[in-house]
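Participant: Provided below for reference: sequence and predicted model.
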Amino acid sequence: MLKLENYKNVFAAVGLVGVLLIASPTLGWFIHLPGGEKFSELWILGPGHMAEDYPFNVRTNESYMVYVGIGNHMGSSAYYVLYVKLRNQTEPLPNSTDNTSSPLAPLYEYRVFVQDGKSQEFPLTFAFPEVSSSENQSMVKSLNINGVPFGVGKLALWDPENRGYYYQLFFELWIYEPEQSALQFHNRYVGLWLNMTR
Amino acid sequence: MNWPCRNIAKTALTFYAILMLAGLVACGSLHASTGEEASSTITSADDALKLAFKRVLDAEEAGANVSSLTSDLNEAGESLAEAEVAYRNGNLTGAAGLADRCSALAGTVSVEALALKDSALADSQRAFESTSIFSTAGASAFVAALILSWFWFKRAHARKLLGMKCEVVSDAEA
């Protein structure tokens, strides 16, 4: 049989646990547990909203469509800017190691606000209305994005290994940092290789 | 051509050239001022949008539901993006108009976000007060019940001990 002192300890423990349980809704106002990992998602889907049928062999004056999506897991609402850029095989991509964006000027942009745990997807149509090609080079003079024409004047040389004139349409994700009151490259980008056929 | 005629033609030509030059300068400065105007309108719209977003974040942190404000922000963001694209393409008037639209939308969002934050803070204060009252009352009642049960248990335990009989165990066999 337990001694009275031992019973006293049992009562004290039950009392402490009970008080903590009853006070837990109030304690919740003061104790904030750390959230999970903070990150953002960026993706491209084909015209059927699936990860297939991406445009690859593109022709002059034909219109192509993809979906670009952004997912927010940053713990609060976020302000994203998505820059659409075009490059040839020799021009620089963003540098993930240095966390720097591509120095190429953006053509088109999206400015989106996404709540935590939510995502947003938007369509992007593009066409190359003016492309000229000579013996072993191709020149994209203009590019239409969502119906807006842009003069690009981008040259690509014939790639004998992959047999084509290659361009890359890529999307850079930037995020607004309220503490610094500035937009910063979010070190995420996705791209779409395009082979300019004659 | 005789002298007076040549002089008149020369003067007319000089006058025409000066007129053309003045026209070009005026056109250029007009274009520049429109460009600067569009640029500053876009900058103001950008600042207004950032401020609106900060206020929405504050409201969200205070516990408000910011879904409708986020969709309004998206509308303002779309206008600003279109303004930037129009500016890059040289459509300065269009860019300024779109930037103005963004500023107006962002301004409305800022005001609504402030009101929403205040109401969320008041709601949260009320919720905190009621929770702490219930917690304090619940914890006090629990502690009181526990103390009462302790005294009852102590008495019952003492009674049980007093009711026990002493038994002597014989060790004769050992």
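Facilitator: All right, it came through fine.

Participant: just list whatever residues bridge to the residue of chain A found nearest chain B.
Facilitator: Per C-beta to the nearest C-beta, A:Arg111 is where chain A lies closest to chain B, at 3.4 Å. C-beta coordinates here come from the backbone N, C-alpha and C atoms, glycine included. Beta bridges link A:Arg111 to A:Val81, judged by DSSP bridges.

Participant: can you check A:Gly71 too?
Facilitator: Legend: beta-bridge partners of A:Gly71 under DSSP bridges are A:Glu41, A:Ser119.

Participant: I figured the residue of chain A closest to chain B was touching A:Tyr80, is that so?
Facilitator: Yes: taking C-beta atoms under 8 Å as the definition, A:Arg111 is a contact partner of A:Tyr80 at 7.5 Å.

Participant: about what we covered before: what pLDDT does the residue of chain A closest to chain B get?
Facilitator: Model confidence at A:Arg111, given as pLDDT, is 97.

Participant: same question for A:Ala51.
Facilitator: On the pLDDT scale, A:Ala51 is placed at 93.

Participant: and it, what is it in contact with?
Facilitator: A:Leu45 (C-beta atoms under 8 Å, 6 or more residues apart in numbering or on different chains).

Participant: assumed it was part of a helix.
Facilitator: No: counting by DSSP: H, G, I helix; E, B strand; the rest coil, A:Ala51 is not part of a helix but coil.

Participant: so, in contact with chain A or not, stretch B:48-64?
Facilitator: Yes: counting by C-beta under 8 Å from any C-beta of the partner chain, contacts between stretch B:48-64 and chain A involve B:Leu49, B:Lys50, B:Phe53, B:Lys54, B:Val56, B:Leu57, B:Glu60, B:Glu61.

Participant: quick one on the thing from earlier: what's around the residue of chain A closest to chain B, how many residues?
Facilitator: By other C-beta atoms under 10 Å in any protein chain shown, 25 other residues sit near A:Arg111.

Participant: of all of chain B, which residue lies closest to chain A?
Facilitator: Nearest to chain A, among the residues of chain B, is B:Gly77, at 3.4 Å (C-beta to the nearest C-beta).

Participant: quick check: closest non-adjacent residue to that residue.
Facilitator: A:Arg111 (3.4 Å; C-beta to C-beta, 6 or more residues apart in numbering or on different chains).

Participant: ok, B:Leu114 next?
Facilitator: B:Arg55 (5.9 Å).

Participant: so what's residue 136 up against?
Facilitator: Since you didn't name a chain, this refers to chain A. A:Leu157, A:Trp158.

Participant: that answer is for a different chain, and I need it for chain B
Facilitator: A:Ala23, A:Thr26.

Participant: so it is in which element?
Facilitator: With elements taken from DSSP states H and E, the one containing B:Thr136 is helix B:92-162.

Participant: what parts of chain B come near chain A?
Facilitator: So chain B meets chain A at B:49-50, B:53-54, B:56-57, B:60-61, B:66-67, B:70, B:73-74, B:77-78, B:80-81, B:84-85, B:88-89, B:128, B:131-132, B:134-136, B:138-139, B:142-143, B:146, B:149-150, B:153-154, B:157 (C-beta under 8 Å from any C-beta).

Participant: any idea which helix or strand carries the residue sitting nearest the centre point of chain B?
Facilitator: Geometric centre of chain B, nearest residue: B:Val56, 2.4 Å, by C-alpha atoms, centre = their mean. B:Val56 is located in helix B:3-61, with elements delineated by DSSP H and E.

Participant: same question, B:Ser68
Facilitator: helix B:67-88.

Participant: look up how far B:Phe128 lies from the residue lying closest to A:Gly15 once chain neighbours are set aside.
Facilitator: With C-beta to C-beta, 6+ apart as the measure, B:Leu146 is the residue that lies nearest to A:Gly15, at 4.8 Å, once sequence neighbours are left out. To B:Phe128, B:Leu146 is 26 Å away according to C-beta to C-beta, to the nearest Å.
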